[in-house]
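A.B. asks: Have a look at this prediction, sequence included:
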Amino acid sequence: MRYSGFRVIAEALTGHKGWTPAWRDPAPQPAYDYIIVGGGGHGLATAYYLAKEFRQARIAVLERGWIGGGNVGRNTTIIRSNYLLDGNEPFYEFSLKLWEGLEQDFNYNAMVSQRGILNLIHTDAQRDAFTRRGNAMILHGADAQMYTRDQVREMYPFLNFDNARFPIKGGLGQKRGGTVRHDAVAWGYARGADGRGVDIIQNCEVTGFRIEGGRVLGVETSRGYIGAEKIGVAVAGSSSRVMSHAGMRLPMESHVLQAFVSEGLKPLLDGVITFGAGHFYVSQSDKGGLVFGGDIDGYNSYAQRGNLPVVEDVCEGGMALMPMIGRARLLRMWGGVMDMSMDGSPIIDRTEIDGLYFNGGWCYGGFKATPASGWCFAHLLATDTPHPTATAYRFDRFRKGLMIDEKGVGAQPNLH
Amino acid sequence: MIINHPLLGPRDAQEFVYFGDAALIARPDGLSEGAEATFHDYLYLRDNPAGDHRELWYHEQGDRSWLVVTRNTLTHDITAVELARDVARHMGRGR
């Protein structure tokens, strides 16, 4: 069923009796050409682009719980492509371009809102660094714009410009950045993939891989054995757990990141702002809640819940940036589990096991990457060669000294 | 989280800095055969278990001792705290 304004009117006139489920609930077949493990944003996007752009094949997505119940349902919904390094920026810009055409492409309202993102500058050194980053973005075909203090004040007069320690001295903006309705991304990809024949199998946990002679033959699941030609794993947050079934140790730790929503407020913040002197970012959802977050808790965790010290730290960042946030009540907060990789950048690569492919290590920046991650992983699965924008996301970059370390802190995952 | 320091008693985890898997104590010999590959695994690969995890915490805002804390990564429950010094000696490191 194709969604359109006309369809909404037609259904309204006929009592909304014609709507059908957005995707099927199929039983697993004994074998597929491709199995994607993980029904989150990245896994569903992979299945969607694999079916749509690369080849007609028997494809299944296996999800332990329900689709979109992991990090695609837990993030702060920000999209942007404001990276510095060569290995990253073309990929994230590719992703942002896919976001721009996504809703027309998969015929689903994902509420892509290019409301602009602004990274605030608080020191002269930071201005130099952000100018360099802005230039790198422009050189890679993205948009970037430097703002003076007065221009920032005109946009967001309520920020604390004269904070004695962290005065605002300007900002680096990307107007094409913004927010997206995160759940709708999972649903839109699921519906699009399902419509192209992909079996989305929920409540189906992968408990092992069947590997013979260095080649993967299929997966053991809670719903029985399923064979496959090629298996792609996209389970960020649980990557180490799942890949340990294939005997692999990964260059990553799992950490918990918290996010927060205030009570609904009248419109006051039309873009996304990041605090440059601490770790705090905030936007306002269409429902009116301020959506914000900050640092990861900093210790290995699979708990999907954080602790209070980081809550305090994030709220302090908020108070330092926009004191009026102190008048809003915190409505809810939650945690998600991040694959924190050793250089803060992801991996989309083959493994040493034939037929087994891996996508993960997204740290806390995976949501914005969803479309490009899916496209590039589908490209790798279908053609056995990396997509031109994802050639740097290899397993062996640590062995070869080709790390993509945006923050420059080395192999210390909780600092990225 | 409260870390029950073997010398100082229960202390808030905020006083500590987290470093990572306690396996990092077992630093390989840089002069051994195949040290390059061993160091790659040592530096970059982690078991990253869901469940009990032995990990290094540094009491930066306290007595500056290194601790090996056994903590469950699914529940955040801490079941054992040792001085990293004792653990390292038990592994045959140091004098």
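C.D. replies: Structure's in. What do you need? Numbering: from 1, shown residues only, chains lettered A, B, ... in the order given.

A.B. asks: Which strands or helices does whatever helix or strand A:Ala193 lives in pack on?
C.D. replies: Using DSSP states H and E, A:Ala193 sits within helix A:182-195. If contacts are counted by 3 or more Cβ pairs under 8 Å, 6 or more residues apart in numbering or on different chains; DSSP states H and E, helix A:182-195 sits against helix A:41-49, strand A:59-62, helix A:89-106, strand A:199-201, helix A:370-383. C-beta coordinates here come from the backbone N, C-alpha and C atoms, glycine included.

A.B. asks: Which residue is it, in the stretch 101-250 of chain A, that comes closest to chain B?
C.D. replies: Across the stretch 101-250 of chain A, the shortest distance to chain B (Cβ to the nearest Cβ) belongs to A:Ser240, at 3.7 Å.

A.B. asks: Could you count how many residues lie near residue 54?
C.D. replies: Reading this off chain A. 15 (other Cβ atoms under 10 Å in any protein chain shown).

A.B. asks: meant chain B, my bad for not saying
C.D. replies: 17.

A.B. asks: A:Glu11 too?
C.D. replies: For A:Glu11, using other Cβ under 10 Å, the count is 14.

A.B. asks: Next: the one 10 residues further on.
C.D. replies: When neighbours are counted by other Cβ under 10 Å, A:Pro21 registers 9.

A.B. asks: Let me know how buried the closest residue to A:Thr385 other than its chain neighbours is, in neighbour terms.
C.D. replies: Nearest residue to A:Thr385, sequence neighbours excluded (Cβ to Cβ, 6 or more residues apart in numbering or on different chains): A:His379, at 7.4 Å. By the criterion of other Cβ under 10 Å, A:His379 has 22 neighbours.

A.B. asks: Tell me who's in contact with A:His379.
C.D. replies: A:Tyr49, A:Phe54, A:Thr385, A:Pro386, A:His387, A:Ala390 (Cβ atoms under 8 Å, 6 or more residues apart in numbering or on different chains).

A.B. asks: which bits of the stretch 101-250 of chain A sit near chain B?
C.D. replies: A:Ser238, A:Ser240, A:Arg241, A:Ser244, A:Arg249, A:Leu250 (Cβ under 8 Å from any Cβ of the partner chain).

A.B. asks: again, only using 7 Å
C.D. replies: Contact residues, the stretch 101-250 of chain A versus chain B (Cβ under 7 Å from any Cβ of the partner chain): A:Ser240, A:Arg241, A:Arg249, A:Leu250.

A.B. asks: Show the backbone phi and psi for the first one.
C.D. replies: Read it as A:Ser240. With angles defined as degrees, to the nearest 10, A:Ser240 shows backbone torsions of phi -60, psi -40.

A.B. asks: Check the gap between it and A:Met252 for me.
C.D. replies: Noted for A:Ser240: a distance of 6 Å to A:Met252, by Cβ to Cβ, to the nearest Å.

A.B. asks: what residues are shared contacts of these two?
C.D. replies: B:Asn48 (Cβ atoms under 7 Å, 6 or more residues apart in numbering or on different chains).

A.B. asks: Could you find the closest non-adjacent residue to the residue nearest the centre of chain B?
C.D. replies: Ranked by distance to the mean C-alpha position of chain B (Cα atoms, centre = their mean), the top residue is B:Leu56 at 2.3 Å. Nearest residue to B:Leu56, sequence neighbours excluded (Cβ to Cβ, 6+ apart): B:Phe19, at 4.1 Å.

A.B. asks: now swap in A:Phe161 and tell me
C.D. replies: A:Ile168 (4.8 Å).

A.B. asks: Excluding chain neighbours, what is closest to A:Tyr48?
C.D. replies: A:Ala193 (4.2 Å).

A.B. asks: what's the one you found in contact with, if anything?
C.D. replies: A:Leu44, A:Ala47, A:Tyr48, A:Ala51, A:Val61, A:Ile200.

A.B. asks: separation between it and A:Ile59?
C.D. replies: 8 Å.

A.B. asks: Pull up the overlap in contacts between these two.
C.D. replies: With Cβ under 7 Å, 6+ apart as the test, A:Ala193 and A:Ile59 both reach A:Ala47, A:Ala51.

A.B. asks: Pull up the residues of chain B that are close to chain A.
C.D. replies: So far as Cβ under 7 Å from any Cβ goes, chain B lies against chain A at B:1, B:14, B:18, B:20, B:40, B:43-48, B:50, B:53, B:55, B:73-76.

A.B. asks: can you give me the helices in chain B?
C.D. replies: With helices called from DSSP state H, chain B shows them at B:35-44, B:84-90.

A.B. asks: Confirm that A:Ile35 sits in a helix.
C.D. replies: No: counting by DSSP: H, G, I helix; E, B strand; the rest coil, A:Ile35 falls outside a helix, being strand.

A.B. asks: wait, doesn't it sit right on A:Ala60?
C.D. replies: Yes: with contact defined as Cβ atoms under 7 Å, A:Ile35 counts as touching A:Ala60 (5.2 Å).

A.B. asks: nearest spatial neighbour of whatever residue of chain B ends up closest to chain A, skipping sequence neighbours?
C.D. replies: Nearest residue of chain B to chain A: B:Asn48, at 3.7 Å (Cβ to the nearest Cβ). Nearest in space to B:Asn48, with sequence neighbours left out and distances taken as Cβ to Cβ, 6+ apart, is A:Ser240 at 3.7 Å.

A.B. asks: same question, A:Phe54
C.D. replies: Using Cβ to Cβ, 6+ apart, the nearest residue to A:Phe54 is A:Ala382, at 3.7 Å.
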